[in-house]
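Visitor: heads up, no residue letters with this:
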């Protein structure tokens, strides 16, 4: 019973992370014309540290010997998960269409499956393959609004390559979280990630800001940065890291197919966008696919 309840908690945490991350693409697209991408990632990381440090500084100092021992692992995890992942999304949002961003983002769970199979010898069962296919079908149906012919008219840009790289980076990050050394606590992992990830962003930020004349930081922009710092950064990463440790990177990756579904729900609740039959059908396919792929 303990193991079963732990798995349930793991899935709920993955659901929570996916729900919070669902608003990330929308905000990134909305800020693409007012804040340069690396600057946005740096400001987001700065705001996240301001919120996190009062709670994390004492545990981090207490575990400083563990941090030094595993500095290589923590630096690589921070570089992939914090310095690169969301920065790549923000760069992609400047030149890639929202449809492209969403579709290419679906590749991350596939990369997780492939990497886990190659390096962790994770079992690729028939139910996982079937669930993956059904979940992808539902997500594509939802993203295209049922107009599958839109896929034939897609044009690709430089931003699409950045988004593809982001999918690979996030898959590698998820695998690293799964093999986290046992002596590193979740709190130490999170605080180390954001401290090291923020430090590793500084040279890139300085390089970008040296070539920018003005940055528009309105009250709306600042509120969006705070949302990115607290929601898609601290809350989502804390939930995701714990979920990956409990249920594994592959199962958590399948749950991330719920992100477009959560985005649709948020659009209905916050923007009063109508719910049509295509939304219900695609949502059902995603849920069925996730269930089939993770039921073992």
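Guide: It's in. Bear in mind that the values here come from a model prediction, so they are computed numbers and not experimental data. Residues are numbered from 1 along each chain as shown.

Visitor: spatially nearest residue to residue 207 (excluding sequence neighbours)?
Guide: Using CB to CB, 6 or more residues apart in numbering and skipping the chain neighbours, the partner closest in space to residue 207 is residue 38 (7.9 Å). C-beta here means a position set from N, CA and C on the backbone, and glycine is covered the same way.

Visitor: give the buried residues for stretch 61-73.
Guide: Of the residues in stretch 61-73, those buried by neighbour count under the rule 16 or more other CB atoms under 10 Å are 63, 66, 67, 70, 73.

Visitor: next, the first one: phi, psi?
Guide: Translated: residue 63. In terms of degrees, to the nearest 10, the main-chain angles of residue 63 are phi -100, psi 20.

Visitor: which ones are touching it?
Guide: 184, 185, 188 (CB atoms under 8 Å, 6 or more residues apart in numbering).

Visitor: contact partners of stretch 179-198?
Guide: Contacts of stretch 179-198 from elsewhere in the structure, counted by CB under 8 Å, 6+ apart, are 42, 45-46, 48-49, 52-53, 56-57, 59-60, 63, 66-67, 70, 73-75, 77-79, 81-83, 120, 177, 233-234, 237-238, 241-242, 245.

Visitor: report the buried residues of it.
Guide: Counting neighbours by 16+ other CB under 10 Å, stretch 179-198 gives 180, 184, 187-198 as buried.

Visitor: next, format the residues you listed as CSV and append distance to residue 227.
Guide: Formatted as CSV, the entries for these read as follows, by distance: CB to CB, whole Å:
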residue, distance to residue 227
180, 27
184, 28
187, 22
188, 25
189, 23
190, 18
191, 20
192, 23
193, 19
194, 16
195, 21
196, 23
197, 18
198, 18
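
Visitor: kindly reformat the residues you listed as a markdown table containing distance to residue 210, secondary structure and pLDDT.
Guide: Rendered in a markdown table, the data for those read as follows (distance: CB to CB, whole Å; DSSP: H, G, I helix; E, B strand; the rest coil; pLDDT from 0 to 100):
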| residue | distance to residue 210 | secondary structure | pLDDT |
| --- | --- | --- | --- |
| 180 | 36 | coil | 91 |
| 184 | 36 | coil | 91 |
| 187 | 35 | helix | 86 |
| 188 | 34 | helix | 90 |
| 189 | 33 | helix | 91 |
| 190 | 31 | helix | 90 |
| 191 | 29 | helix | 91 |
| 192 | 28 | helix | 92 |
| 193 | 27 | helix | 92 |
| 194 | 24 | helix | 92 |
| 195 | 24 | helix | 93 |
| 196 | 23 | helix | 94 |
| 197 | 21 | helix | 94 |
| 198 | 19 | helix | 95 |
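
Visitor: which of these lies closest to residue 249?
Guide: residue 180 (11.0 Å; CB to CB).

Visitor: tell me the phi and psi of the closest one?
Guide: Phi and psi for residue 180, reported as degrees, to the nearest 10, are phi -50, psi 130.

Visitor: flag the shaky bits of the stretch 151-296 of the chain, pLDDT-wise.
Guide: Within the stretch 151-296 of the chain, the segments meeting pLDDT under 70 span 151-156, 213-214, 263-264, 266-275, 279, 293-296.
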